[in-house]
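Colleague: build me a structure from this.
(one chain, ligands or ions: 2)
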Amino acid sequence: MRTDRVAVLGAGAWGTALATSFHRAGLDCVLWGRDAETVAAIVESRRNPRYLGDIALPEGMKATTDLDTALAGAGIVVLAVPAQTMRGFLSAIADRTPPDAVFVCVAKGIDRETGRTMSEIIDEIAGRDRSAVLSGPSFAADVASGLPTAVTVAAHDIEAAKALAAALSSRTLRCYASDDLAGVELGGALKNVLAIAAGIVHGRALGASALAALTARGFAELRRFASALGARPETLSGLSGLGDLILTCGSEKSRNFAYGAALARGDDLGGMKLAEGVHTASVAARMAREHGIDAPIVFAVDAILAGRISIDEAMSALMSRPLKTET
Ligand SMILES: NC(=O)c1ccc[n+]([C@@H]2O[C@H](COP(=O)([O-])OP(=O)(O)OC[C@H]3O[C@@H](n4cnc5c(N)ncnc54)[C@H](O)[C@@H]3O)[C@@H](O)[C@H]2O)c1
Ligand SMILES: O=P(O)(O)OC[C@H](O)CO
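Modeller: Ligands and ions are numbered 1, 2, ... in the order given. As a prediction, this is how the structure comes out:
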């Protein structure tokens with residue numbers, strides 16, 4: 001695997017933050033964005049005002065709107081566009097990418113049309129030996145600011161995951177390696193749906209006890225769901241499961257949590273930033289039903305977002321489920 005040159009595709013909050021981290025770590029990294037104004041701001045004023053507020057980006061960071069310039073010679077191609085655009089995006093760029101380059105998807109979601117994870121999409125379009133994911137508790141603003149962060153990098157082959165983790169790590173971004181792709185991806189995708197539920201609890205001022213209960217029962221649901229789909233349960237106790245759940249179920253800095261809180265308060269949702277859980281909720285609920293997985297919180301979030309039940313009805317239904325042994 002060639003790890004000396006990295007292309008980061010997608011100049012939103014997360015792509016910009018990761019490119020910043022890789023540049024600071026001394027990697028030869030080029031950030032690609034489709035929006036000329038954003039790329040010009042990154043190059044000329046060392047800022048990405050649209051997605052990263054006022055955070056100062058490092059001198060010398062390379063950014064371009066020219067895809068071929070970004071991809072030239074890249075051994076690692078980081079995919080940082082929203083999950084629901086991943087299939088179309090990768091299909092469009094795969095042939096323009098060096099044939100030995102590995103794709104590292106950093107989006108957190110499940111494809112709504114097909115129920116496939118992001119690595120399954122890469123497997124299908126580019127091949128199993130070229131697919132990897134990076135996931136874990138990591139707000140873009142924290143990473144771009146150089147605050148300490150730890151994530152998991154997963155690939156089918158543990159040696160490939162280790163090589164990627166070593167290449168992308170730095171003194172501020174610590175990457176652990178895993179070969180449990182399903183566990184790492186489902187942890188990242190489902191925590192977004194659970195964070196919306198946590199935001200609803202917060203927005204309705206239901207109290208800290210309710211938020212702790214929701215987070216703990218959400219974790220049980222996360223483990224059940226991922227295990228039923230072939231993940232190792234212990235992976236969900238790691239960074240891209242419990243770690244990310246703790247982060248996003250407890251902070252309005254999370255866009256998914258903020259979305260749930262705004263929904264519960266009856267705020268205007270127009271203009272809110274990308275909350276992937278909104279798009280993952282329905283496909284996660286569908287998959288849970290298909291696999292016979294007990295996923296009451298995911299079902300409730302899906303039903304609320306689809307307008308089938310009110311928040312009060314969902315709360316009442318969750319609290320009046322038959323009493324059971326804690327599992
Ligand atoms: N923001 C974070 O803190 C964070 C952290 C970890 C993971 N993520 C994940 O990373 C993914 C991206 O999130 P983000 O915060 O960067 O979102 P964002 O909205 O800030 O940026 C998305 C970027 O993708 C671009 N884009 C959208 N559709 C595209 C298309 N079809 N072709 C090319 N470019 C396209 C947009 O122009 C934008 O630059 C999400 O899945 C998110 O869950 C985000
Ligand atoms: O802002 P959110 O809710 O999309 O969360 C961002 C990251 O996924 C946190 O790890």
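Colleague: rest of the way, CA atoms for contacts and neighbours
Modeller: Will do.
Colleague: excluding sequence neighbours, find me the nearest residue to the most centrally placed residue in the chain.
Modeller: Taking CA atoms, centre = their mean as the criterion, Lys108 is the residue nearest the geometric centre of the chain, at 2.7 Å. Spatially, and ignoring its direct neighbours in sequence, Lys108 is nearest to Ala189 (4.7 Å; CA to CA, 6 or more residues apart in numbering).
Colleague: ok, that neighbour touching Ile110?
Modeller: Yes. Ala189 lies in contact with Ile110 (CA atoms under 8 Å); the separation is 6.4 Å.
Colleague: common neighbours of those two, please.
Modeller: Jointly contacting Ala189 and Ile110 under the rule CA atoms under 8 Å, 6 or more residues apart in numbering are Thr280.
Colleague: more neighbours: the two, which one.
Modeller: Shown here are Ala189 and Ile110; by other CA atoms under 10 Å, Ile110 has more neighbours (30 against 27).
Colleague: touching, the residue nearest to the centre of the chain and Glu185? I think so.
Modeller: Yes. Taking contacts as CA under 8 Å, Lys108 lies within contact range of Glu185: 6.9 Å.
Colleague: any common contacting residues for the two?
Modeller: Residues touching both Lys108 and Glu185 by CA under 8 Å, 6+ apart: Met118, Ser135.
Colleague: all helices of the stretch 151-300 of the chain, in order?
Modeller: All helices of the stretch 151-300 of the chain, identified by DSSP state H, counting those that start in this stretch, fall at 158-168, 181-203, 208-228, 244-248, 255-265, 276-290, 296-305.
Colleague: quick one: contacts of the last one?
Modeller: Surrounding helix 296-305, the residues in contact under the criterion CA under 8 Å, 6+ apart are 193-194, 196-197, 218, 221, 278, 281-282, 284-285, 309-311, 314, 318.
Colleague: and what of the fifth one?
Modeller: By CA under 8 Å, 6+ apart, the residues outside helix 255-265 that reach it are 192-193, 195-204, 248-252, 268-269, 272-278, 311.
Colleague: ok, and of those residues, which contact ligand 1?
Modeller: Leu274, Glu276 (CA under 6 Å from any ligand atom).
Colleague: in PyMOL, select just the buried ones from the contacts of helix 255-265.
Modeller: PyMOL command restricting these to the buried ones, with burial defined by 16 or more other CA atoms under 10 Å:
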select buried, resi 192+193+195+196+197+198+199+200+201+202+203+204+248+249+250+251+252+275+276+277+278+311
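Colleague: indicate the residue of the stretch 201-327 of the chain located nearest to ligand 1.
Modeller: Residue nearest to ligand 1 within the stretch 201-327 of the chain (CA to the nearest ligand atom): Leu274, separated by 5.0 Å.
Colleague: got the contact list for that residue?
Modeller: Leu274 neighbours (CA under 8 Å, 6+ apart): Arg255.
Colleague: could you tell me the per-residue confidence at it?
Modeller: The per-residue pLDDT reported for Leu274 equals 84.
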